[in-house]
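K.L.:
With the sequence up front, the predicted model follows.
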Amino acid sequence: MSANRFNAYQNHGVGIGLRIPHYDHIFAHQPAVDWFEIISENYMIDGGRPLHMLDRIMEHYKVVQHGVSMYFGSAQAPDREHLRRLKSLVHRTKTPWLSDHLCWGSIDGTYSHDLLPLPYTWEAVEKTAARIREVQDFVEIPVAVENVSSYAEFVDSEMSEWEFLNEVVERADCGILLDVNNIYVSSVNHDFAPMDYVNAIPAERVAQIHVAGHTRYEKYILDTHDHPVIDPVWQLYARAIERCGPTPTLLEWDDHIPSFEEVWAEARKAEKYLIPAKSEEPQLTGAAR
Amino acid sequence: MNLEELQRTMAAAVMQPLTDQEEMQPRDTTGRWQGRPMEEVVGQFIAPNSRLTAFERLEIYNRQYWFRLQTAFHEDFPALRAVVGPDRFQALMNAYLAAHPSRSFTLRNLGSKLSSWLTQNPQVAGRKIKLALDVIGVEWACIEAFDNAEFPPLKLEEIAALGANPQLALQPYVQLLALDYPADDLVLDMHQRQRRESSEAGARPEADEDEDFTPLRLRRYATWLAIHRVDYSLYYKRLTQPEYRTLASLRAGHTLAEALESAFTDTRLSATSQIREVQQWFATWAQLGWLCAPVTVV
């Protein structure tokens, strides 16, 4: 089920997020990284060094776009200029699929630049699914939605987060970028069993998986992407691979970024689970076909 | 509350300025909820858990919102901070961000209205308002020059072939500034760090708040400047006043003849010297790739 229509039947293997502090190492050593994930917004510009560096990276590597401000759950229509720039970048990168978050973050044209949680209501299901469909139709490539880490819940919620996710992706007929670290963070913040979440997601829709580190405070966990992945998150990852088969996997490390070798070594820990799974890859069934 | 109303309400709470201790305001300060306690306001839509109240849960987002914007602002305007000092900078930043929250999907545009806002609110910068405005001009021009578009440049012979009075355009990445102070020297010193990237990390990146602050003094000196790119790196180039006037006139859409007429309105240079100077400018501009055909500029 790993290579499915939600990731354009690509099984990219293990990748890491493309970050500026690693450029010199990448160009000097051309490490054997399977793929890089780029933050779309960093390249939705008209010119200059960022696009030049991206073009150089694409001479040697596959890249996949990941966005942070499409806000599929926003109650209002997407910004047309944003969509136009996003599609222009899609043409440049030839990304086989693109992802963004199951959240909201802007209202009346003002942006929070944060991944704000949604109330798990039927109204939000319908509006979010409609918006994902609109974006997917516009960019003309598969879209995967990522579950976010959250720190608050709404009094109006009518279902669990995974029920909400399942309803949205089914109605939007889109893929899932399953972030197992985000599941862990939210499970601690909202007192649920993270394995219940992993077991409930429709495995045939998982286009990609994220792993990352976080920061634990006294009363909650923050999704900081500035530490190695902890064992309980690897356990969730192992279960996800067991259910989904070998799936494109990416390590996010966005703050206090260590050397390229350290980040890449952390990402390659995923191979321990991916390689055995490859030998027993399941057949495509259901929505994955 | 429907989804849109809920999001509007939550956004207002998340974007409400923090207290001086960087905590969520105990009471509404916006007037939106008639000064009611925020615990009561937030409790209407956020649920508590066993460890955190609704107020404490939303406070995480309130703090993240401000920390993220403040960090971006810090990174874009380090020289402004050096001019006005850390305390005044903090107040200026918070007042600006409250007046002009981000209206773009990218934080790159966060400071786009700073110059006009500070011109209308000069008391925020104190006595160094003119220097502060010059520094903001240079720092914002750096952002524009860094990633604005570049169109196919015109070579000298291509410009010559356009006729006696052609319409020329300036590359969008070339930024022109007329300054009261040589603020470029100051900004150059401060802009050694790498540019910020968007990410989804929830951490507050380290700021330079603990750095010692030495008030900067700069003597007034009329300065004309272009900020541009060569091989994807930023460069500053000082211009003469006539050269600046010519380029600014071309940017405004005037023909070459009109631009040159505006350049030498109050000069004592002989006609021969003027011609020689213009020839030198064009040689330099063509070499740097600053000129392009106007039809290509969107």
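P.N.:
Arrived safely, thanks for sending. Residues are numbered from 1 along each chain as shown, chains lettered A, B, ... in the order given.

K.L.:
neighbours around A:His82, how many?
P.N.:
21 (other Cβ atoms under 10 Å in any protein chain shown). All C-beta atoms are positioned from the backbone trio N, CA, C, and that covers glycine.

K.L.:
was I right about it contacting A:Phe138?
P.N.:
No. The criterion here is Cβ atoms under 8 Å, and A:His82 misses it with A:Phe138 at 10.3 Å.

K.L.:
What score does B:Glu200 have for pLDDT?
P.N.:
We have a pLDDT of 60 for B:Glu200.

K.L.:
One more: A:Ala288?
P.N.:
Predicted confidence (pLDDT) for A:Ala288: 66.

K.L.:
what does A:His210 give?
P.N.:
98.

K.L.:
The helix or strand it falls within - contacts with which helices or strands?
P.N.:
Here A:His210 sits within strand A:206-212, counting by DSSP states H and E. If you count contacts as 3 or more Cβ pairs under 8 Å, 6 or more residues apart in numbering or on different chains; DSSP states H and E, strand A:206-212 packs onto strand A:143-146, strand A:175-179, helix A:180-190, helix A:231-244, strand A:249-252.

K.L.:
Need the contact partners of it.
P.N.:
For strand A:206-212, the surrounding residues in contact (Cβ atoms under 8 Å, 6 or more residues apart in numbering or on different chains) are A:1, A:4, A:6-7, A:64, A:97, A:99, A:142, A:144, A:146, A:175-182, A:223, A:225, A:229, A:233-234, A:237, A:240-241, A:244, A:247-253, A:267, A:270.

K.L.:
how about it as CSV, C-alpha atoms only?
P.N.:
Provided in CSV are the C-alpha atoms of strand A:206-212 (Å, rounded to 0.1, in the frame of the first residue of the first chain):
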residue,chain,number,x,y,z
VAL,A,206,-1.1,7.2,3.8
ALA,A,207,1.1,8.9,1.3
GLN,A,208,4.0,9.8,3.6
ILE,A,209,5.1,9.7,7.2
HIS,A,210,6.8,12.3,9.3
VAL,A,211,9.0,11.6,12.3
ALA,A,212,10.4,14.4,14.6
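
K.L.:
so it versus helix A:231-244, what angle?
P.N.:
What separates the directions of strand A:206-212 and helix A:231-244 is an angle of 170 degrees, with axes from the mean of the first three to the mean of the last three Cα atoms, to 10 degrees.

K.L.:
ok and strand A:206-212 relative to strand A:175-179, angle-wise?
P.N.:
With the same axes, to 10 degrees as the basis, strand A:206-212 and strand A:175-179 are set at 20 degrees to each other.

K.L.:
Tell me the helix or strand right after strand A:206-212.
P.N.:
strand A:215-216.

K.L.:
Indicate each strand paired with that next one and its parallel or antiparallel sense.
P.N.:
The strands beside strand A:215-216 in its sheet (DSSP bridges) come out as strand A:221-222 (antiparallel).

K.L.:
Show me what the partner strand is in contact with.
P.N.:
Against strand A:221-222 from outside (Cβ under 8 Å, 6+ apart): A:Ser149, A:Tyr151, A:Tyr184, A:Val185, A:Val188, A:Asn189, A:His214, A:Thr215, B:Ile60, B:Gly202, B:Ala203.

K.L.:
for the record, mean pLDDT for it?
P.N.:
Mean pLDDT, strand A:221-222: 96.

K.L.:
Can you get me the centre-to-centre distance for it and its chain?
P.N.:
18 Å (Cα atoms, centre = their mean, to the nearest Å).

K.L.:
Chain B contacts on the stretch 101-250 of chain A?
P.N.:
Contacts of the stretch 101-250 of chain A with chain B, taken as Cβ under 8 Å from any Cβ of the partner chain, map to A:101, A:104, A:106-116, A:119, A:121, A:123-124, A:127, A:149, A:151-157, A:189-191, A:215, A:219-220, A:222-226.

K.L.:
can you rerun that using 6 Å?
P.N.:
A:104, A:107, A:109-114, A:123-124, A:127, A:151-155, A:219, A:222-226 (Cβ under 6 Å from any Cβ of the partner chain).

K.L.:
Just the ones of the residues you listed in helices?
P.N.:
Judged by DSSP state H, helices contain the following of these: A:Glu123, A:Ala124, A:Lys127.

K.L.:
how far out from the middle of the chain is stretch A:179-190?
P.N.:
Centre-to-centre, stretch A:179-190 and its host chain are 14 Å apart (Cα atoms, centre = their mean).

K.L.:
Need the residues that contact that stretch.
P.N.:
A:146-151, A:153, A:194, A:197, A:210-212, A:214, A:220-221, A:223, A:232-233, A:236-237, A:240 (Cβ atoms under 6 Å, 6 or more residues apart in numbering or on different chains).

K.L.:
This completes my enquiry, with thanks.
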